[in-house]
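> just coords:
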Ligand SMILES: Nc1nc2c(ncn2[C@@H]2O[C@H](COP(=O)(O)OP(=O)(O)OP(=O)(O)O)[C@@H](O)[C@H]2O)c(=O)[nH]1
């Protein structure tokens, strides 16, 4: 049974900060956001977790293996180096969607995203080491079949982007509402999905759904593991099997 540990990362009072004392230069905000994401990704990645940039002011991380002390250290380190601070909510559960909902509630309970008095709150629970297992995470790595031949080398870069984003939008909604999973675009034509215990049929159904809805053809490798890295790495290997064998769904466990 999966047991996903999810952390919601929310920049404190970021909206007001972006316009105080007057609107800040957009390129500076983009630079800040991408550097902050890179730093958090490195911090969490060094502990075998994954973080997804989502909206940049709110990021979602899979943090199995990160303790509450690790979370505190992240807050301290960002607070020391950036003009903004982070609030973190952590929760665990068999459903990634429910875990994220619980993590979000913890941050919301501490105050509004635009409450100037809410700074660096940290609330939640983690999975203690003795309770962690090799089946805690199920991660699926989707990509568009032959994106290079069908889109990148054929269409202009913006029309390719539209096609890829359509596939992502359809998949993320479907995996959220039909399969209780969280999908994140990670660049190129790749989407990483954090799943509960799903079966091969579920993935086949999802690929069929996206193909029918928006005419984008996907393939997927799925892995399991104790950490996001372990599960995600197995998923990447499984996806290589799809590429080598021309199959659409490969599970590696
Ligand atoms: N984040 C991430 N991006 C990747 C990964 N593999 C490929 N990409 C991105 O996806 C783009 C397309 O590469 P591929 O998916 O290998 O190419 P393709 O043309 O779709 O070929 P097939 O996947 O073999 O059907 C690359 O330019 C990268 O941006 C990965 O493991 N992680």
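Sure thing, it's come through. Quick caveat, the model's predicted, so the values are computed rather than measured.
> so how many other residues sit close to the residue of the stretch 101-250 of the chain found nearest the ligand?
Closest to the ligand within the stretch 101-250 of the chain is residue 188: 2.3 Å, counting by CB to the nearest ligand atom. C-beta coordinates here come from the backbone N, C-alpha and C atoms, glycine included. The burial metric for residue 188, expressed as a neighbour count using other CB atoms under 10 Å, is 12.
> Where do the helices of the protein begin and end?
Applying DSSP state H to the chain gives helices spanning 14-18, 26-45, 68-81, 96-110, 147, 157-179, 200-214, 228-245.
> Comparing those helices by mean pLDDT, which bottoms out?
For the helices of the chain, the bottom mean pLDDT is recorded on helix 147, which sits at a mean of 89.
> and that one, does that touch the ligand?
Yes. Contact between helix 147 and the ligand, assessed by CB under 6 Å from any ligand atom, occurs at residue 147.
> what does that helix contact?
When contacts are taken as CB atoms under 8 Å, 6 or more residues apart in numbering, the neighbours of helix 147 outside the stretch itself are 160, 164, 188-189.
> Which of these are buried? Put it as a ChimeraX command.
Buried members of these can be picked out in ChimeraX with the line below, counting by 16 or more other CB atoms under 10 Å:
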select :160,164,189
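> ok, which pair from the contacts of helix 147 is furthest apart?
Spatial extent of those (CB to CB) is set by the pair 160 and 188 at 10.4 Å.
> Name all residues that make contact with the residue of the stretch 101-250 of the chain closest to the ligand.
When the contact criterion is CB under 8 Å, 6+ apart, the partners of residue 188 are 143, 147.
> From one end of stretch 38-54 to the other, what's the distance?
Using CA to CA, to the nearest Å, the span of stretch 38-54 from its first residue to its last is 13 Å.
> Could you check it and say which residues are buried?
39-41, 43-44, 47-54.
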